[in-house]
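**Student:** turn this into a structure:
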Amino acid sequence: MTADTPHRTGHIPVVAASAISGTPVTATVAPRRRGRIKGLDGPRGLACIAVLVVHVAAHYSPDTTVDSKIGILGQALIFFFGLSGFLLFLPFVRALFLGAPKQPDVRQFVIHRLLRIFPVYIVIFLIANFALQAAYLTNAEKSLVIGSQAGTGMITDPWTFVANLFLVQTYFPSLIQTGVNPSWSLTLEYAFYFALPIVGALMFALRRRMRWNPVVIGLIPPILFVIIGIAGKVFAYYLAHRAGITDIAEQNFGANWSAVVLRSFLGGSDAFAFGMAAAVLFVAVEDGPEGSRLGTRLRRWSVAGLVVSTVAMLALLALKSNFQVTATGLAAGLFILIIVLPLAEGRRSRMADILDFAPFEYLGKISLGIYLWHFPLLIALGRWGLLAGDSVGGMLGNLAIVGVLSVACAAVTYRFVEEPGLKYARKLRIK
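**Tutor:** Residues are numbered from 1 along each chain as shown. Presented below is the predicted three-dimensional model:
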């Protein structure tokens, strides 16, 4: 949701390495421009709208939501994490394959990530809290009443306010799911940003010392993240079992340590892992000596894997297992790979062309704002009596009202908050 498609230009003398053997070979990279990777902004926008649909429908039309089965659209949130994994890990992987002596500039990475999220989040949080008074004062899972604004208002407790302002509320059982309801995912995103330079340093240290195949080295971080995510879910299950918590929603979002673990990097790292693995395979096709042949094989395997992982996701959802995140993350990574593999081979991706339909692409560009605006708006609009009840017509009307206003507000904050922040980050990068 928040990652930007990388660019790179230039004529760079490097010590390259074979993607198959890992043997260093002196080479000069020909002048090459890698612009925006097509086909990813559109799915980001559609995924954001899917999350909006689920939240609005479930809050005001719970029976219609159950009958229509649209709750499954909530899985789109995990696509955001997979996309962040792919786009943000990609520069690290490209540098690795090029034989660069060290990872991309960490200082620039940190500055860019801070300016990408914090300004717009702070603006929307302050408006939601003070103007709309639509922030959750206590744990939303505990206080939320379907179709009402119970538990919301203006945060006045200093500790709750400061914790939400700096996106650390998710690390405390007493504060989790306060403030802007969906903002917990930004806390998880920032944990991923913090982890990336650490695993980047590990990759380049291994490259210098072991001279392993860059594909092998590049796959180590995502494998580690899968292991951490699975271990975290097992630990969360232990915590929930010890506390006598059997409800899956309370385990994930309640005011308890199980929810803290599951909403943190310890329980959610696997959501990023498969997007990261997709980045490694993308670059192996893009820069490897057997790129075209490897790309053909990967496309076949990815389609088959997407079918299997989707079935696994549906089964785990039916079983109310927290491991559905792992299966959904795998499906997201494979879906991303299917979109971008032709581009890695220097060919046109028909799927990318379709998914980057201009309206979808624009929704992707402003998706962070849509994601943050929609929940405070659905609370405020309900309080003002502008949203309907539990029927198909009422649900569709609610979706239209909240959707249009969320897009409009997101367009404004993108123009006046996000875009200036991104321009300033690019200016700092040039300096």
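
**Student:** buried sites along stretch 400-418?
**Tutor:** In terms of neighbour count (16 or more other Cβ atoms under 10 Å), stretch 400-418 has its buried residues at 401-403, 405-407, 409-411, 413-414, 417-418. (C-beta placed from N, C-alpha, C; glycine too.)

**Student:** ok, so of those residues, who is nearest F204?
**Tutor:** Among the buried residues of stretch 400-418, E418 lies closest to F204 (Cβ to Cβ), at 31.3 Å.

**Student:** hmm, the closest one is touching F118, no?
**Tutor:** No - taking contacts as Cβ atoms under 8 Å, E418 lies outside contact range of F118: 10.7 Å.

**Student:** turn the buried residues of stretch 400-418 into CSV, including distance to I70, secondary structure and pLDDT.
**Tutor:** Formatted as CSV, these follow (distance: Cβ to Cβ, whole Å; DSSP: H, G, I helix; E, B strand; the rest coil; pLDDT from 0 to 100):
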residue, distance to I70, secondary structure, pLDDT
I401, 17, helix, 98
V402, 15, helix, 98
G403, 14, helix, 98
L405, 20, helix, 98
S406, 17, helix, 98
V407, 19, helix, 98
C409, 23, helix, 98
A410, 22, helix, 98
A411, 25, helix, 98
T413, 27, helix, 98
Y414, 27, helix, 98
V417, 31, helix, 97
E418, 29, helix, 96
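
**Student:** what's the closest of those residues to A304?
**Tutor:** Nearest to A304 among the buried residues of stretch 400-418 is G403, at 35.1 Å by Cβ to Cβ.

**Student:** residues contacting the residue nearest to that closest one when sequence neighbours are not counted?
**Tutor:** For G403, ignoring the flanking residues on the chain, the nearest one in space by Cβ to Cβ, 6 or more residues apart in numbering is L52 at 6.2 Å. By Cβ atoms under 8 Å, 6 or more residues apart in numbering, the contact set of L52 is I370, Y371, H374, L399, V402, G403, S406.

**Student:** what is the most widely separated pair among these?
**Tutor:** Checked with Cβ to Cβ, the contacts of L52 reach their widest spread between Y371 and L399, with 15.4 Å between them.

**Student:** where in this protein is pLDDT low?
**Tutor:** 1-35, 289-291, 430-431 (pLDDT under 70).

**Student:** where do the strands sit along it?
**Tutor:** Ranges of strands within the chain are 12-17, 24-29, 135-136, 152-153, based on DSSP state E.

**Student:** nearest to F360 among the buried residues of stretch 400-418?
**Tutor:** Of all these, F360 sits closest to V407, with 12.2 Å by Cβ to Cβ.

**Student:** that closest one contacts Y371, doesn't it?
**Tutor:** No - contact criterion Cβ under 8 Å: V407 and Y371 do not qualify, at 11.3 Å.

**Student:** ok, and the closest non-adjacent residue to L96?
**Tutor:** That would be P214: by Cβ to Cβ, 6+ apart, it lies 5.1 Å from L96.

**Student:** quick check: that neighbour touching L206?
**Tutor:** No - when contacts are counted by Cβ under 8 Å, P214 is not listed as touching L206 (9.8 Å).

**Student:** who has more neighbours, those two?
**Tutor:** Higher neighbour count among P214 and L206: P214, with 28 against 17, using other Cβ atoms under 10 Å.

**Student:** so how far is A201 from the more buried one?
**Tutor:** Per Cβ to Cβ, to the nearest Å, P214 is found 16 Å from A201.

**Student:** state the distance from Y193 to F89.
**Tutor:** According to Cβ to Cβ, Y193 stands 11 Å off from F89.

**Student:** the two: who's more crowded?
**Tutor:** F89 (29 against 20).

**Student:** quick one, helices of the stretch 101-250 of the chain?
**Tutor:** 106-126, 140-143, 158-165, 184-210, 214-243, 248-253 (DSSP state H, counting those that start in this stretch).
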